[in-house]
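[1] I would like the atomic coordinates for the input below:
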Amino acid sequence: MDQTLELCGKQIRLHRTAEGERLPLVLYNGFDDEETNGVLANLSLPCVLAIVTGISWEKELTPWPVSGIGKGIHGDGGAGEYLTCITDSMIPAIEAAAGMDPKGRILAGYSLAGLFAVWAAMNTDAFCAVCSASGSLWYPKLLDYAKAKKHPVNPAVQTAYFSVGDLEAKVKNQILNKVQENTEEMEKRFAAQNVRTIFEINPGNHYVDAGKRTARGISWCLKECQIGTD
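    So this is what the prediction gives:
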């Protein structure tokens with residue numbers, strides 16, 4: 001039976017795909033039931049999946065404030081505070097509740113949560129892998145942020161998964177349509193630091209198969225980190 005926790009004002013559901021103390025921990029910032037159910041339906045490799053919901057999406061998953069992107073699209077820039085909550089409060093509590101000493105940790109998410117995973121890879125040593133499924137890497141100044149660092153990716157990060165939908169770059173918005181170009185550039189920057197990476201293009205726009213796309217990325221990270229296959 002799944003366990004539930006409440007930490008930092010968030011609801012966390014702990015789902016085991018297998019038994020054991022040395023399973024990898026996947027911390028997945030989820031959007032809604034449709035997305036999280038899609039992840040659960042398509043993830044089978046051994047792990048403890050911590051599904052975090054109740055997130056203030058535009059605040060807690062964005063690294064700095066931006067506006068003027070498009071109707072209803074903005075960022076308030078609270079990722080730093082949320083990352084501190086994850087590393088200082090969530091991870092210790094989750095691992096204690098699950099009775100686990102994880103083989104490794106993966107941070108995963110879709111859309112803005114994918115953006116957060118990539119940004120976190122440059123700001124913490126808490127994860128050995130990140131999964132950015134259709135991540136919002138169009139986010140203004142993100143590439144500049146990475147370029148400003150000689151070695152932007154934390155050395156703890158071994159593996160990084162990137163994807164976009166094949167229609168995402170075809171929108172009219174001149175900021176959003178940079179997503180594929182920026183994602184490919186970010187993947188190259190991670191690879192330049194000897195991070196094992198992959199960039200995949202999935203069929204459809206940004207709103208197609210979010211859960212399935214995320215589960216695919218998590219599964220790839222588990223295999224490539226060799227932390228979910230024995």
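
[2] check which helix or strand residue 26 maps to.
    strand 25-29 (DSSP states H and E).

[3] tell me the secondary structure for the residue of the chain most remote from its centre?
    Distance from the C-alpha centroid of the chain peaks at residue 172, with 25.7 Å (Cα atoms, centre = their mean). Counting by DSSP: H, G, I helix; E, B strand; the rest coil, the backbone at residue 172 sits in coil.

[4] can you pull the pLDDT of it?
    Looking at residue 172, its pLDDT reads 92.

[5] distance check, it against residue 71.
    Between residue 172 and residue 71 the distance is 12 Å, computed by Cβ to Cβ, to the nearest Å. Yep, even glycine has a C-beta here, placed from its N, CA and C like the rest.

[6] quick one: low-confidence parts of this structure?
    226-230 (pLDDT under 70).

[7] what about residue 74, neighbour count?
    Using other Cβ atoms under 10 Å, residue 74 is surrounded by 15 other residues.

[8] partner strands of the helix or strand where it lies, with direction?
    Assessed by DSSP H and E, residue 74 sits inside strand 73-76. Note on strand 73-76: by DSSP bridges, its sheet partners are strand 65-70 (antiparallel).

[9] any residues touching the partner strand, and which ones?
    74, 75, 76, 77, 139, 140, 141, 173, 175, 176 (Cβ atoms under 8 Å, 6 or more residues apart in numbering).

[10] go again with 7 Å.
    Residues from elsewhere that reach strand 65-70, judged by Cβ atoms under 7 Å, 6 or more residues apart in numbering: 74, 75, 76, 77, 139, 140, 173, 175, 176.
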